[in-house]
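1. after the sequence you'll find the predicted model.
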Amino acid sequence: MTEMTKRMAVFSGSVNPELADEVAKYLNVSLGNIKHEKFANGEIYARYQESIRGADVFLIQSVCASETFDVNDALMELLIMADAAKRASARSISAVIAHYGYARQDRKAAPREPITAKLVADLITASGVDNIITVDLHQDAIQGFFDIPVNHMTAMPIFVDYFKNKSFDHDRLCVVSPDVGRAKAAKKFSTALDCDIAIMHKDRPKHNQAEITALIGDVTDKICILNDDMIDTAGSLVAAAQTLKAKGAAEVYACATHGLFSGPAYERLENSPIEEVVVTNAVPVPLARQTGKIKVLSIAPLFAQTIDVVYNNGSIGKLFE
């Protein structure tokens, strides 16, 4: 295939069109024309309104709930878009999954449980997707659930830049891992910020409930940054912040790539001792909620760079340098 016939086509799902639009602008391309509809009984329909024969298609979707969509609709729409692209003779199909839903069930923590992260990987592969671009999976090992290439990016440099430019005493900074599972990521974060690290241990008596049982490290008079991959109902985050304040922390900030903010999350955060909660637009946050404590940073440049590298067969590794 000659360079002249190579063509990029970028399309958005219904969940996060603002992010897709921003990515397209960074890539200097127009978002493709796709028709999204629902049948009267709730079934999802998608049809490309332009030819994509021979094109390298990039489908941008967050598998999460939005103001108009639920998480299951988001997943089905992605699968249906991929199937339609495959049947329309796209040359390649890349799923740009800003938030990978069902990722928390990545192993059997108890008997007779599903492993939904693997199930979703199988569904995406079966739909015709050739390549995955995603950011900050709940566990790195989820990449291995796919039999197709996974370009697993991280938003950490975005948070590092943000906190480096904050006007506070950087000698007092301390990155805090909210649980043992995030300790490795927290170590990278603290190294990038050249600051101390502390690690918490938490137990989950049931879903969306957390109890902090231990804290390793000294946080007295420190400016603590809690770093996690996602914030759902904010229960564990608020419990962690309260523990840090009780242990003598001066200020507590929080950052996470995916701000799901389900149920009582906004109210909990507003009434918590957390100074500021920094998330990305990988998950859409309503404009009305982007006030007070919640700050949203754009992840569009990262996705645009990654799409450009994948499209031009470049090195993803260079984006990590």
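-> On my side now, so go ahead.
2. surely M200 is within a strand?
-> Yes. The assignment for M200 (DSSP: H, G, I helix; E, B strand; the rest coil) places it in a strand.
3. and the strands in the stretch 101-250 of the chain?
-> Remark: strands assigned in the stretch 101-250 of the chain by DSSP state E, counting those that start in this stretch are 131-135, 150-153, 173-177, 196-203, 211-216, 223-231.
4. how about the contacts made by F145?
-> By Cβ atoms under 8 Å, 6 or more residues apart in numbering, the residues touching F145 are 106, 117-118, 121-122. The C-beta positions use only the backbone N, C-alpha and C, and glycine is treated the same way.
5. distance of it relative to S62?
-> 19 Å (Cβ to Cβ, to the nearest Å).
6. before we move on, what about L75?
-> For L75, the distance to S62 equals 10 Å [Cβ to Cβ].
7. if you average pLDDT over each of the strands of the stretch 101-250 of the chain, which is lowest?
-> Ranked by mean pLDDT, those bottom out at strand 211-216, with a mean of 78.
8. how about the contacts made by V23?
-> Counted by Cβ under 8 Å, 6+ apart, V23 has contacts 10, 60, 96, 300, 303-304, 307.
9. quick check on it: phi, psi?
-> Main-chain torsions, V23, degrees, to the nearest 10: phi -60, psi -50.
10. next helix or strand past the helix ranked longest in the chain?
-> The residue-count maximum for a helix in the chain (DSSP state H) belongs to helix 71-87. Per DSSP states H and E, helix 71-87 leads on to strand 92-97 as the next helix or strand towards the C-terminus.
11. show me what that next one is packed up against.
-> The helices and strands touching strand 92-97, judged by 3 or more Cβ pairs under 8 Å, 6 or more residues apart in numbering; DSSP states H and E, are strand 56-61, helix 71-87, strand 131-135, helix 300-311.
12. now the angle from that strand to strand 56-61?
-> 20 degrees (axes from the mean of the first three to the mean of the last three Cα atoms, to 10 degrees).
13. rewinding a little: next, format the helices and strands packed on strand 92-97 as a markdown table and append mean neighbour count and distance to T291.
-> Converted to a markdown table, the helices and strands packed on strand 92-97 look like this (neighbours: other Cβ atoms under 10 Å; distance: least, Cβ to Cβ, whole Å):
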| stretch | mean neighbour count | distance to T291 |
| --- | --- | --- |
| strand 56-61 | 27 | 26 |
| helix 71-87 | 21 | 25 |
| strand 131-135 | 22 | 25 |
| helix 300-311 | 20 | 21 |
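14. any idea which of these gets closest to Y162?
-> helix 300-311 (13.3 Å; Cβ to Cβ).
15. break the protein into its domains for me.
-> Split into domains by automatic domain parsing, the chain comes to 3-154+300-320, 156-297.
16. these: lowest mean pLDDT?
-> The stretch with the lowest mean pLDDT among the domains of the chain is domain 156-297, at a mean of 91.
17. just to revisit the earlier point, turn the buried ones among the contacts of F145 into a named PyMOL selection, would you?
-> In PyMOL, this line selects whichever of the contacts of F145 come out buried by 16 or more other Cβ atoms under 10 Å:
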select buried, resi 106+117+118+121
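18. identify the farthest-apart pair in the contacts of F145.
-> Using Cβ to Cβ, those span at most 13.6 Å, a distance reached by D106 and D122.
19. could you find the closest non-adjacent residue to T220?
-> Excluding its sequence neighbours, the residue lying closest to T220 (Cβ to Cβ, 6 or more residues apart in numbering) is G248, at 3.8 Å.
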